[in-house]
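Engineer: predicted model and sequence below, questions to follow.
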Protein chains: 2
Amino acid sequence: MSTIIAVETSDVRFPTSRDLDGSDAMNPDPDYSAAYLRVVTDHGDGHEGHGFVFTIGRGNDVETAAIKALTPYLMGRNVENLLADMGATYKEFINDSQLRWLGPEKGVMHMAIGAVVNALWDLKAKRAGLPLWQLLGTMSPEELVNLVDFRYLSDALTPEDALEILRAAEPGRDERMATLLAEGYPGYTTTPGWLGYSDEKLTRLAHEAVAEGFLQIKLKVGADLADDVSRLRTARAAVGPDIKIAVDANQRWDVDQAIEWMSHLAEFDIAWIEEPTSPDDILGHAAIARGVAPIPVATGEHVQNRIVFKQMLQAGALQVLQIDAARVAGVNENVAILLLAAKFGVRVCPHAGGVGLCEAVQHLSMFDFLAVSGKKDDRMIEFVDHLHEHFLTPIDVHDGRYWPPVAPGGGSEMHAASVAEYSFPDGAFWAADAASAVEKDMV
Amino acid sequence: MSTIIAVETSDVRFPTSRDLDGSDAMNPDPDYSAAYLRVVTDHGDGHEGHGFVFTIGRGNDVETAAIKALTPYLMGRNVENLLADMGATYKEFINDSQLRWLGPEKGVMHMAIGAVVNALWDLKAKRAGLPLWQLLGTMSPEELVNLVDFRYLSDALTPEDALEILRAAEPGRDERMATLLAEGYPGYTTTPGWLGYSDEKLTRLAHEAVAEGFLQIKLKVGADLADDVSRLRTARAAVGPDIKIAVDANQRWDVDQAIEWMSHLAEFDIAWIEEPTSPDDILGHAAIARGVAPIPVATGEHVQNRIVFKQMLQAGALQVLQIDAARVAGVNENVAILLLAAKFGVRVCPHAGGVGLCEAVQHLSMFDFLAVSGKKDDRMIEFVDHLHEHFLTPIDVHDGRYWPPVAPGGGSEMHAASVAEYSFPDGAFWAADAASAVEKDMV
């Protein structure tokens, strides 16, 4: 028996805005950040659970405060009980009636719950000596169904539906595991496509992407139509006709504007249009999907929970579903979303990038291939070459593919030195930065 | 010229869970709370701006932290500039790209922005020497349109549509102001209907409601069907056939369950079914509305923003739209929602109760009557007899009506003594409570 004896939270921020890395039509100057937590037990095995919420700078303190507010729910708890029934553990958090008022099931508090749930999964996987994708992939259909909260889903997905999907995939699990280890899981890269890069840099990075084996790149669009057309022409010339190019508007448009704008980009053979409008606008996405067909609509990185994904699927609002490891209430809610996607026959291509999102979300796609959809060749995980060096088990991406992690855990653990250096505002980096700013002011 | 020189935040909690006041099917033990802020300027007039987010207990510290995180956006700012263009001021907050990531436009951070926006409106109204409803009611259609962010609305409501609605209502404003002052604005009461009250208490409170002139009461339902039927029978017997009875499930059901459950309550002549399912489930509400017709569906107190309300209206998901003063990004977003309701011809019956929600939301309904819909006889404001004594300008409800407040401001200012006494955990009430708990432990 072991007990949770410490929960440490950290407001970690990286100064990415200084390089224009990560700039898009809605987010001109993000400082990629993580509201981070570390769960420590008194077990002698030394295993800890790590989790985080990704944000882009200001407000990371509020997200960290929300995680900290969950600390009393963890301290002193019996770890074996918490980990033995992760369905019950997850439901305890999302169904707390007082905390629920702050959402319900959305925004700062919901993401904080996700970080806690993911930290517990990280710990569970480490204790099992398995990478998370394998741990999930060894659970029975009944155990997996028990992870899901079907409240508000039953008009689209019942426990019986979920069981049927999981049982249908069960016989092929071993074979698919061998395939996955041999072939990896397809990735695509957003590295060439940020706004603010010159044509030369775009061309160079696009060439590199193709040379590295990626079969799809993605460009940010939505700030200026003429510029988008020009950059797409540059990109298409760089990659040739056989590489897919997706575009991402980061919620920049209203419905009619999205349809009109995309009509000017269609000639470049667009693989999907991502986040054309508000992630809350289910009916808007559905109207856009009808208006831009046959170009598929992709969304999900800001979709708040399983209930909105359910409706997106019901309404035909998306043709590519983009789960995110740190937006919803953790692994459990993402299992529900993967099941919904499988029920509706929609492919899942996760959002990643940011801080640690690639490391975390790959486990969910690989689990999906093993035990849910059974598919990987029509889907791919986003890859952005940022900040992986801060993680203990950084992704292994080469030949355009994600290669299955073998280290135990959920991939979310950062180096303690990185957490310390980039803690805001007192870590070594930010303290030096503030001192240097003061010095400049004095000159 | 004046400047903001202090922004004070307070985590105020009232121990309402001890009386079962406010208990419903989803919220068994709420401690009604306010994440509260006070904006102080260096102007010699002594006017301050007060605003709050209502929560039900745990997590109120996180909400308070979110408001505190907005303090740097306020400190040192020129007050006259902020107040002169409240449209620009509101948009500055909701469009901050880094903060936006925490929603976008939902949950803890969005509500915090609402509290700030409302505090600035409170200050603006005090400076104008007018109650907020009158201040808004004296603004021109063009000025009102300028308050709204039409992003993500233009497929349902354009600035031109809004202008047309407001101009059509303009000629009758003076006449309606006289009517409002003479007749008040209809209210209905939830006081009899909480779960946990005995039949005797329900009957007594229902009789009192009728005697006080209310034409509608509301009962909480959704925990136990047999109990709901029994309580509705008791309530209908108490009020007779001419008083309306609405029911409120507080998000308890899935879609099919809502339709089935309501089929058993229909015989009691139900005025509306409120929050039958998740506030995120637009398509679910639409299915329920079709399934329970002709009983109207009401929702809104947890609807996160104008974008979800837009879709609720587009989908025919609600027949009664329930704005809340402290869920969305303040007065500005509620003006947008009132305009949407007017465009779709749907009546608005605000959610109130909690802490200060009655005090705040009455201004919006009265403004709507004056300048937007021009209607009040098909609508009513919720009334709950809780915690009004803590406000400087408590509501005046008698003869079943809200009587227009005449004091300048938005109604959101609490007595400093109440804020001090109920501040958590260090205010006098909670400190004494903790000391008494320690004493009991020792006995």
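Structural biologist: That came in fine, so what should we check first?
Engineer: how many other residues sit next to the residue of chain A at minimum distance from chain B?
Structural biologist: Closest to chain B within chain A is A:G107: 1.7 Å, counting by C-beta to the nearest C-beta. Bear in mind the C-beta positions are built from the backbone N, C-alpha and C, glycine included. By the criterion of other C-beta atoms under 10 Å in any protein chain shown, A:G107 has 27 neighbours.
Engineer: and the stretch 251-400 of chain A, which residues reach chain B?
Structural biologist: A:251, A:254-257, A:277-284, A:287, A:302, A:304-305, A:307-308, A:310-311, A:314-315 (C-beta under 8 Å from any C-beta of the partner chain).
Engineer: hmm, who's touching stretch A:283-298?
Structural biologist: For stretch A:283-298, the surrounding residues in contact (C-beta atoms under 8 Å, 6 or more residues apart in numbering or on different chains) are A:246, A:254-255, A:258-259, A:262-263, A:266, A:270-278, A:299, A:312, A:315-322, A:349, B:152, B:155, B:282, B:311, B:314-315.
Engineer: of the residues you listed, just the buried ones, ChimeraX syntax please.
Structural biologist: Selection of the buried residues among the contacts of stretch A:283-298 in ChimeraX, burial being defined by 16 or more other C-beta atoms under 10 Å in any protein chain shown:
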select /A:246,254,255,258,259,262,270,271,272,273,274,275,276,277,278,299,312,315,317,318,319,320,321,322,349 /B:152,155,282,311,314,315
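Engineer: ranges for the helices of the stretch 51-200 of chain A?
Structural biologist: Along the stretch 51-200 of chain A, the stretches classed as helices by DSSP state H, counting those that start in this stretch are A:60-69, A:71-74, A:79-84, A:86-94, A:97-100, A:107-128, A:132-137, A:141-145, A:159-169, A:173-183, A:199-211.
Engineer: adding mean pLDDT, write the ones you listed out as TSV.
Structural biologist: Formatted as TSV, these follow (pLDDT from 0 to 100):
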stretch	mean pLDDT
helix A:60-69	98
helix A:71-74	96
helix A:79-84	98
helix A:86-94	98
helix A:97-100	93
helix A:107-128	98
helix A:132-137	98
helix A:141-145	98
helix A:159-169	98
helix A:173-183	98
helix A:199-211	96
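Engineer: including distance to A:G356, could the ones you listed go into a markdown table?
Structural biologist: Listed next are these as a markdown table, based on distance: least, C-beta to C-beta, whole Å:
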| stretch | distance to A:G356 |
| --- | --- |
| helix A:60-69 | 14 |
| helix A:71-74 | 20 |
| helix A:79-84 | 21 |
| helix A:86-94 | 20 |
| helix A:97-100 | 24 |
| helix A:107-128 | 10 |
| helix A:132-137 | 13 |
| helix A:141-145 | 24 |
| helix A:159-169 | 28 |
| helix A:173-183 | 21 |
| helix A:199-211 | 22 |
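Engineer: those helices: which one's closest to B:K220?
Structural biologist: Among those, helix A:97-100 comes nearest to B:K220, with 13.6 Å by C-beta to C-beta.
Engineer: name the residues that touch the lowest-mean-pLDDT helix or strand in chain A?
Structural biologist: Between all helices and strands in chain A, the lowest mean by mean pLDDT, DSSP states H and E belongs to helix A:428-442, at a mean of 87. For helix A:428-442, the external contacting residues (C-beta under 8 Å, 6+ apart) are A:13, A:15, A:420-425.
Engineer: same question for stretch A:369-379.
Structural biologist: With C-beta under 8 Å, 6+ apart as the criterion, stretch A:369-379 contacts A:133, A:136-137, A:139, A:144, A:165-166, A:168-170, A:172-173, A:176-177, A:180, A:185-186, A:335, A:338-339, A:341-342, A:347-349, A:365.
Engineer: what subset of those is buried?
Structural biologist: Of the contacts of stretch A:369-379, these count as buried by 16+ other C-beta under 10 Å: A:133, A:136-137, A:139, A:144, A:165-166, A:169, A:176-177, A:180, A:185-186, A:335, A:338-339, A:341-342, A:347-349, A:365.
Engineer: A:L205 touches A:T190, doesn't it?
Structural biologist: No: with contact defined as C-beta atoms under 8 Å, A:L205 and A:T190 do not form a contacting pair (10.0 Å).
Engineer: reformat the contacts of helix A:428-442 into a markdown table and put distance to chain B next to each item.
Structural biologist: Shown next, in a markdown table, are the contacts of helix A:428-442 (distance: C-beta to the nearest C-beta, whole Å):
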| residue | distance to chain B |
| --- | --- |
| A:R13 | 10 |
| A:P15 | 13 |
| A:A420 | 23 |
| A:E421 | 21 |
| A:Y422 | 16 |
| A:S423 | 17 |
| A:F424 | 12 |
| A:P425 | 13 |
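Engineer: against A:Q304, how distant is the residue positioned nearest the centre of chain A?
Structural biologist: Central residue of chain A (C-alpha atoms, centre = their mean): A:D324, 2.6 Å from the mean position. Applying C-beta to C-beta, to the nearest Å, the value for A:D324 to A:Q304 is 10 Å.
Engineer: go on, A:A211?
Structural biologist: Going from A:A211 to A:Q304 by C-beta to C-beta gives 38 Å.
Engineer: which one of the two is surrounded by more residues?
Structural biologist: Between A:A211 and A:Q304, counting by other C-beta under 10 Å, A:Q304 is the more crowded of the two (25 against 9).
Engineer: and the pLDDT at that one?
Structural biologist: pLDDT for A:Q304: 98.
Engineer: I'd guessed it sits against A:M109; true?
Structural biologist: No: between A:Q304 and A:M109 there is no contact under C-beta under 8 Å: 11.2 Å.
Engineer: report the set of residues contacting both of these two.
Structural biologist: With C-beta under 8 Å, 6+ apart, A:Q304 and A:M109 have common neighbours B:G107.
Engineer: related to what we said a few turns ago, filter the contacts of helix A:428-442 down to the buried ones.
Structural biologist: Using 16+ other C-beta under 10 Å, the buried members of the contacts of helix A:428-442 are A:13, A:421-424.
Engineer: mind checking what secondary structure A:V12 has?
Structural biologist: strand (DSSP: H, G, I helix; E, B strand; the rest coil).
Engineer: list the contacts of it.
Structural biologist: So, once contact is read as C-beta under 8 Å, 6+ apart, A:V12 ends up touching A:33-36, A:52, A:60, A:355, A:414, A:418-419, A:422-424, A:427.
Engineer: please identify which of the residues you listed is nearest to A:D385.
Structural biologist: Looking across the contacts of A:V12 and measuring by C-beta to C-beta, the closest to A:D385 is A:V355, at 12.9 Å.
Engineer: now do the contacts for the closest one.
Structural biologist: A:12, A:14, A:32-34, A:52, A:54, A:386-387, A:390.
Engineer: pLDDT-wise, what's the bottom of those residues?
Structural biologist: Ranked by pLDDT, those bottom out at A:H386, which has 88.
Engineer: any idea how far that residue lies from A:P30?
Structural biologist: For A:H386 relative to A:P30 (C-beta to C-beta), the value is 11 Å.
Engineer: next one, pLDDT for A:G22 please.
Structural biologist: We have a pLDDT of 63 for A:G22.
Engineer: got it, and the one 4 residues further on?
Structural biologist: According to the per-residue confidence, A:M26 scores 73 in pLDDT.
Engineer: which residues does the closest residue to it other than its chain neighbours contact?
Structural biologist: Nearest residue to A:M26 in three dimensions, chain neighbours excluded: A:N250, at 4.3 Å (C-beta to C-beta, 6 or more residues apart in numbering or on different chains). Shown in contact with A:N250 (C-beta under 8 Å, 6+ apart): A:24-27, A:220, A:222, A:274-275.
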